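Visitor: Quick check, what structure comes out for this input:
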Amino acid sequence: IVFCSCKKSNTQQGVKLLPVALGTPLQLQVDDQHPGYAVAPDFLGLSFEMSAITDSNYFNPSNTVFVELIKNLSPGILRIGGNSVDKTFWSGLKRNVFTTKDSITTTDIDRFKNFITSIQWNVIFGVNFGGNFNPAIASNEVAYVNSSLPQLMQSFEIGNEADLYPRNGLRTTSYTSNDFINEWNQYYDAIKKSVSV
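Guide: Residues are numbered from 1 along each chain as shown. Presented below is the predicted three-dimensional model:
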């Protein structure tokens, strides 16, 4: 490893120089004979809000700059979910002029598939659990996504931050961990059937 620095004389008038650094001098020694643990090749990951998937300009293979930017990071995992996963809704239909922005359509998933295929990253894909509790709809969405990306799907995520559901109005204030487990199991059972091999 080589550390470099450079110095440039200041020819501008009236520019204030930074103060002299204070502190304790530090010596750095690199021991290349005893490397630490190797970082897994797919350790890198990026997380995006689910709402981005409904924007036709976002996960678009035609956006070659964005595609190359991510490909240059090396192999990784792209997680799409976040808080907006519980505010977006699977329609199971193609997008048209009447489709609302909070609807996830087959058109969106097809575009996302082409984008993911072009970057060759694995995917963690979230499904709505808090804003629209419906195991059948979630199962249908997962089946479509999974069939679109059979080799690149890593996992599915059910909802986001369910512990906050009673506070943000997605569940009643009497919602308990047992209620969550019961609902989660319903999703798990329905989703497992739709992706079984």
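Visitor: okay, CA-based contacts and neighbour counts for the rest of this
Guide: Fine.
Visitor: What residues sit buried inside the longest helix seen in the chain?
Guide: In the chain, with assignment by DSSP state H, the single longest helix is helix 177-195. Within helix 177-195, the residues that count as buried by 16 or more other Cα atoms under 10 Å are Trp184, Tyr187, Tyr188, Ala190, Ile191, Ser194, Val195.
Visitor: mean confidence score for it?
Guide: Helix 177-195 shows a mean pLDDT of 95.
Visitor: Mind giving me the packing neighbours of that helix?
Guide: On a contact count with 3 or more Cα pairs under 8 Å, 6 or more residues apart in numbering; DSSP states H and E, helix 177-195 meets helix 135-148.
Visitor: List the strands paired with the next helix or strand after the helix it packs on, with their directions.
Guide: Sequence-wise, the next helix or strand downstream of helix 135-148 (DSSP states H and E) is strand 153-158. Strand pairing for strand 153-158, determined by DSSP bridges: strand 122-127 (parallel).
Visitor: Show the average pLDDT along the strand it pairs with.
Guide: pLDDT averaged over strand 122-127 gives 96.
Visitor: before we move on, the earlier item: just put the buried residues of helix 177-195 in JSON lines and tack on distance to Ser103.
Guide: Output for these, formatted as JSON lines (distance: Cα to Cα, whole Å):
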{"residue": "Trp184", "distance to Ser103": "22"}
{"residue": "Tyr187", "distance to Ser103": "20"}
{"residue": "Tyr188", "distance to Ser103": "22"}
{"residue": "Ala190", "distance to Ser103": "21"}
{"residue": "Ile191", "distance to Ser103": "20"}
{"residue": "Ser194", "distance to Ser103": "21"}
{"residue": "Val195", "distance to Ser103": "22"}
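Visitor: can I assume Tyr58 is in contact with Ala52?
Guide: Yes - contact criterion Cα atoms under 8 Å: Tyr58 and Ala52 qualify, at 6.4 Å.
Visitor: So which residues of this structure form strands?
Guide: 45-49, 77-81, 89-90, 103-104, 122-127, 153-158 (DSSP state E).
Visitor: Next, the residues that contact the last one from outside, please.
Guide: What it means is strand 153-158. 81, 122-129, 142, 146, 184, 187 (Cα atoms under 8 Å, 6 or more residues apart in numbering).
Visitor: Specify the beta-bridge partners of the residue nearest to Met50 when sequence neighbours are not counted.
Guide: Once flanking residues are discounted, Met50 sits nearest to Gly81: 4.5 Å by Cα to Cα, 6 or more residues apart in numbering. Beta bridges link Gly81 to Glu49, judged by DSSP bridges.
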